[in-house]
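# Sharing a model prediction with you, sequence too.
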Amino acid sequence: MPEFYGSAEITRATAKVRLVQIAEEIIALPGSDPIASMKVPFEIEAEFPSGVSDQVKRAVSENANVLNFKRKTWE
């Protein structure tokens with residue numbers, strides 16, 4: 001049984017364009033097969049060397065909740 005696995009690192013500067021491009025050019029093709037199953041894991045890693053405000057933490061956490069992120073933690 002053929003399987004495809006792929007990963008890509010995307011910069012925040014190009015995230016919007018690249019995510020749409022990946023959805024259209026990679027995800028849509030095998031997704032058009034009615035018997036194919038597909039999962040598209042999505043992960044974000046953000047580091048804040050100078051710290052991050054409580055306002056940003058709260059906004060990101062609330063947005064992650066609304067968007068049904070399974071894992072959403074601050075360390």
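It's in. Residues are numbered from 1 along each chain as shown.
# Mind naming the longest helix for this protein?
With residue count as the measure and DSSP state H as the assignment, the chain has helix 54-66 as its longest helix.
# Show me what the mean pLDDT comes to for that one.
Helix 54-66 shows an average pLDDT of 96 in the prediction.
# How about it, which residues are buried there?
residue 60 (16 or more other C-beta atoms under 10 Å). From N, CA and C alone the C-beta is placed, and that goes for glycine too.
# Give me the distance from it to the chain's centre.
Taking the mean C-alpha point of helix 54-66 and that of its whole chain, the gap between them comes to 16 Å (C-alpha atoms, centre = their mean, to the nearest Å).
# Next: stretch 25-41.
Averaged over its C-alpha atoms, stretch 25-41 has a centre that lies 16 Å from its chain's centre (C-alpha atoms, centre = their mean).
# measure the one residue sitting closest to the centre of the chain to residue 34 for me?
Nearest residue to the geometric centre of the chain (C-alpha atoms, centre = their mean): residue 42, 3.3 Å. Using C-beta to C-beta, to the nearest Å, residue 42 is found at 24 Å from residue 34.
# And residue 74, by the same measure?
Using C-beta to C-beta, one gets 40 Å for the distance from residue 74 to residue 34.
# Domain-wise, how is this protein divided?
Here the domain assignment for the chain is 1-42, 44-75, based on automatic domain parsing.
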